[in-house]
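Undergrad: Predicted coordinates and the sequence they were generated for:
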Amino acid sequence: MFWRRSRQSTWNPWSDLWDLQDEFNRAFWASPWQGLSGEFPAVNVYESDDALELSMKLPGINPKDLDVTVNQDTLTLKGSREVDKAPEGAEYLRQERGAGSFVRSFALPFPVNTGEVAARYQDGILTVRLPKAESAQPRKIAIKAG
Amino acid sequence: MSTEVRTVNKDNEANVQRVERREAVVLSPAVDILETEKDVLLLADMPGVNEKNVDIDLHGNSLTIKGHRESPVPAGMELIRTEYQPDYRYERQFTMGDTIDREKITAVMKDGVLRLTLPKVKELAPRRIEVKAC
């Protein structure tokens, strides 16, 4: 599981398996894009006791061309963007912005409340919020004396 | 990006806190530049930037576009995986030719893409100059 790498506290025997799956989940964008792990889009992950939030830079995308799907334990992000329609008779002096489609999927380390997954696209940033299922939230165990 | 601050109390218990030091990285945005008969169009990808924190500067022949973003940490959450710097600044400078009519430059910011329209100076209509005899 790719994000287990940054949490050394719990040993996850499945992490190697999921890292391998991650390798197979690469997709590419037409022009080179900066991203630390080489996958597109680069995703930052925030966590709290009751949810996970993913944030990624996706400028100039029409939300209709974005697809966020969650099933039991997999989150899949798909999207595409076309080269902006150039006005009649336009000549490109420089073209650096990428266009094309991408697919990225993540194996989730805990069950999520699929009914409450929310995604928001604003100013070119896509944020996906995944509330953890009740059973996955930390429970305080009462310690009985005697 | 974060450092440890360690304090010890009188019961000799150590308290270790991670202090986040957020640095903003400076990035050069990817641009598309197109030219038509009437104007030059510049499109720059600056996700996370909106019309409030974008800056377009004109000094003589130099055009500088700037934008910045400090990604808000959602309430009660902790950043556990970073694949891109959450706080960043965009900056890129271009040199314009004399063909651009500086007074008529317009800019639109949508979905993190800056679209600058730089109209070209209209050719002055040819004039015939009358010569009078003295």
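TA: Structure received.

Undergrad: Quick check, the residue in chain B closest to chain A?
TA: At 2.0 Å from chain A, residue B:112 is the closest residue in chain B, using C-beta to the nearest C-beta. For glycine as for every other residue, the C-beta is placed from the backbone atoms N, C-alpha and C.

Undergrad: got the contact list for that residue?
TA: Listed by C-beta atoms under 8 Å, 6 or more residues apart in numbering or on different chains, the contact set of residue B:112 reads A:57-60, A:123-125, B:45-50.

Undergrad: Over in chain A, which residue gets nearest chain B? Let me know.
TA: For chain A, C-beta to the nearest C-beta, closest residue to chain B: residue A:124, 2.0 Å.

Undergrad: pLDDT value on the nearest residue to that residue once chain neighbours are set aside, please?
TA: Nearest in space to residue A:124, with sequence neighbours left out and distances taken as C-beta to C-beta, 6 or more residues apart in numbering or on different chains, is residue B:112 at 2.0 Å. Residue B:112 is assigned a predicted lDDT (pLDDT) of 95.

Undergrad: So residue B:112 versus residue A:81, what's the distance?
TA: Residue B:112 sits 11 Å away from residue A:81, going by C-beta to C-beta, to the nearest Å.

Undergrad: Tell me, what's the model's pLDDT at residue A:106?
TA: Residue A:106 carries a pLDDT score of 86 in this model.

Undergrad: For it, name its beta-bridge partners.
TA: Using DSSP bridges, the bridge partners assigned to residue A:106 are residue A:75.

Undergrad: all helices of the chain, in order?
TA: Since you didn't name a chain, this refers to chain A. Ranges of helices in chain A, per DSSP state H, are A:15-24.

Undergrad: Residue A:133 - how many residues pack around it?
TA: 14 (other C-beta atoms under 10 Å in any protein chain shown).
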